[in-house]
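K.L.:
Just the structure for this:
(one chain, ligands or ions: 1)
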Amino acid sequence: MVKLRAWLRPIFRKINHLRCKTWDLVHGVDTSGEIPLVNLNFESTHKTPGLEYQSHHPAIIRRALTSLPVRHPDFTFIDIGCGKGRVLLMASELPFRRIIGLEFAPSLAEIARQNLGKYRFGRQGRAPIEVVTGDALDYKLPPEPEVLYFYSPFSPPLLDQIVNNIESSFQQSPRDLFILFSGVIGMRDRAFGSRPQYERLLREAHMDLYRHR
Ligand SMILES: C[S@@+](CC[C@H](N)C(=O)[O-])C[C@H]1O[C@@H](n2cnc3c(N)ncnc32)[C@H](O)[C@@H]1O
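P.N.:
This next block holds a predicted model:
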């Protein structure tokens, strides 16, 4: 059984890639691929080997977004490490107050900006969207009700620092704060699951949803 799974994995990967490519073609955008950050031409001490750009299939992202128990016009949505912006595109279908993508690889941030202009689905939610080129560690969260989205963007020590920054921001400006976090279970627990101030509202195969108490 284990052997069969290992044998099937590359086939499922290929099928998933083709499905994502098809979604891109239909929507007129470029959000697919797995791109190791070491292949991208930019300098950062946080460009750790092993990190890469990739995104979930749109159905997984849509499911995560629709699980949010929020009144969208009251909330800012921020994808921390937005890559080519697939999550921003999907969030743009909802009526968030505003949407922000933060990305430290300039070439990916530029593709995300281009995608926002090309997205064929249209911007049903009409939230203003901004892609910021910058490092998550230096980013100051706006002190307003927020949904933060993470998909495995950081090495564990960096993730700890970012979670501490989020906590300082919250202590300075207490507010409604939701976190959608995707990654291996150990990483989810390390980041938010093991912290008592975060209530876990949902755990699914790909994603946890937390609310700051
Ligand atoms: C796995 S991808 C997820 C992309 C996007 N969130 C999505 O789900 O479609 C992680 C992204 O985080 C970015 N990233 C990694 N470290 C970062 C940092 N320190 N500051 C900002 N972005 C970072 C990477 O360049 C990459 O695009």
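K.L.:
show me what contacts the residue of the chain found nearest the ligand?
P.N.:
The chain approaches the ligand most closely through residue 81 (2.3 Å), counting by CB to the nearest ligand atom. C-beta: built from backbone N, CA, C; applies to glycine. Going by CB atoms under 8 Å, 6 or more residues apart in numbering, residue 81 touches 102, 103, 104, 136, 150, 151, 153, 154.
K.L.:
number of nearby residues for residue 212?
P.N.:
19 (other CB atoms under 10 Å).
K.L.:
Residue 132: what secondary structure?
P.N.:
strand (DSSP: H, G, I helix; E, B strand; the rest coil).
K.L.:
same question, the one 4 residues further on
P.N.:
For residue 136, the reduced secondary structure class is coil; criterion used: three-state DSSP.
K.L.:
Now the nearest residue to it once chain neighbours are set aside. Its backbone dihedrals?
P.N.:
Excluding its sequence neighbours, the residue lying closest to residue 136 (CB to CB, 6 or more residues apart in numbering) is residue 80, at 5.1 Å. Phi and psi for residue 80, reported as degrees, to the nearest 10, are phi -80, psi 100.
K.L.:
On the strand side of things, show who residue 80 bridges to.
P.N.:
Judged by DSSP bridges, the bridge partners of residue 80 are residue 102.
K.L.:
do residue 208 as well
P.N.:
Applying DSSP bridges, one finds that residue 208 bridges with residue 181, residue 203.
K.L.:
Please list the residues of the chain that sit near the ligand.
P.N.:
Counting by CB under 6 Å from any ligand atom, the residues of the chain close to the ligand are 37, 46, 51, 53-56, 79, 81-83, 86-87, 102-105, 108, 135-137, 151-154.
K.L.:
Any of the residues you listed buried? List them.
P.N.:
Neighbour counting over the residues of the chain next to the ligand (16 or more other CB atoms under 10 Å) leaves 37, 46, 51, 53-56, 79, 81-83, 86-87, 102-105, 108, 135-136, 151-154 as the buried ones.
K.L.:
Can you flag which of those belong to strands?
P.N.:
Counting by DSSP state E, those place 53, 79, 102, 103, 151 in strands.
K.L.:
Leaving out chain neighbours, which residue sits closest to the last one?
P.N.:
I take that to be residue 151. In space, and not counting its chain neighbours, residue 151 is closest to residue 182: 4.4 Å by CB to CB, 6+ apart.
K.L.:
shouldn't the one you found be in contact with residue 150?
P.N.:
Yes - between residue 182 and residue 150 there is a contact under CB atoms under 8 Å: 6.7 Å.
K.L.:
Which secondary structure element of the chain has the lowest mean pLDDT?
P.N.:
Within the chain, judged by mean pLDDT, DSSP states H and E, the helix or strand with the poorest mean is helix 2-27; its value is a mean of 89.
K.L.:
Please point out which parts of that one sit buried.
P.N.:
20, 23, 24, 27.
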